[in-house]
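Participant: Pasted the sequence and its predicted model underneath.
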Amino acid sequence: MSQYEEDESGSAEKIVVAQLSEKALLATGIRIGTPVRTKTMESFTTRPRPDGLHMIDYSKTLQRIDIAGKFIAFTGPQNTVVYTSKDYGANAVEKFCELTGAIPQVGRFMPGTFTNPLYPGHIDAELVLVADPLSDAQAVVEAGKLGIPVIAVCDTDNVTDDIDLVIPGNNRGRKAIAAIFWLLARAVLTHAGSLSPDQPMKYAIEDFETKLLEEEQVETEAG
């Protein structure tokens, strides 16, 4: 792992702000992992539940979110590409990028986006953030070829050998991924000096969630 994982002095209490209680954070499922735990994710987990699901130490999630926020603020969000291939992560990525000024990429990652300067959609990125290193592997591979640092939200079954900074967390639950990107947006804005630690953001966690089709239908009928 890289030098970015060495600074873990930030406390979880600094990240869980007045607008988000510990109870509300845990209700998102942010610490619920999978039945599989890879070797590289062992240090981020606690005891598995009786049903066999590995549990993530969410204090380490919060620490890594703070480190990642500092790194993104230092590198510049405008130089940071944020990618997810999964539908349920799209809204979280887009809201994060709207608030921070990072570059959103959702859906299929076109080969050559980073590596082919002749491709019309080519992006010169200095930092890449992905929601899942497995499903977002093409972006991770291309970043690695160019030596671009990669930050990734990693569940207990992810292999992290090609990741420079791991953010341990549930990257399969839409509420969990919304919470992670909401907290990360706060961290970026706070370290950039554009948001105080106790200042509310424009959006709540719920606004980062990708809504299910039936939820959209209910809202349409209610409106």
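Facilitator: Perfect, I can see it now.
Participant: my guess is Val130 meets Lys86, correct?
Facilitator: No. In this structure Val130 lies outside contact range of Lys86 using C-beta atoms under 8 Å: 10.4 Å. The C-beta positions use only the backbone N, C-alpha and C, and glycine is treated the same way.
Participant: Pick out whichever of those two has more residues nearby.
Facilitator: When neighbours are counted by other C-beta atoms under 10 Å, Val130 and Lys86 differ, and Val130 comes out ahead with 29 against 19.
Participant: Tell me what that one is bridged to.
Facilitator: Tyr83, Ala152 (DSSP bridges).
Participant: pLDDT at it, what is it?
Facilitator: According to the per-residue confidence, Val130 scores 98 in pLDDT.
Participant: which residues touch it?
Facilitator: If you count contacts by C-beta atoms under 8 Å, 6 or more residues apart in numbering, Val130 has them with 82-84, 136, 139-140, 150-153.
Participant: For the closest residue to Leu26 other than its chain neighbours, the count of nearby residues, please.
Facilitator: Of all residues not flanking Leu26 in the chain, Tyr58 sits nearest, at 7.2 Å (C-beta to C-beta, 6 or more residues apart in numbering). Applying the criterion other C-beta under 10 Å, we find 24 residues in the vicinity of Tyr58.
Participant: which residues are common contacts for Val130 and Lys86?
Facilitator: Overlap between the neighbourhoods of Val130 and Lys86 is empty, taking contacts as C-beta under 8 Å, 6+ apart.
Participant: On the C-terminal side of the one helix or strand Glu94 maps to, identify the next helix or strand.
Facilitator: Using DSSP states H and E, Glu94 maps to helix 87-100. With elements assigned by DSSP H and E, the helix or strand that comes after helix 87-100 is strand 103-106.
Participant: Can you show me the strands along this structure?
Facilitator: With DSSP state E as the criterion, the chain has strands at 80-84, 103-106, 127-130, 150-154, 165-168.
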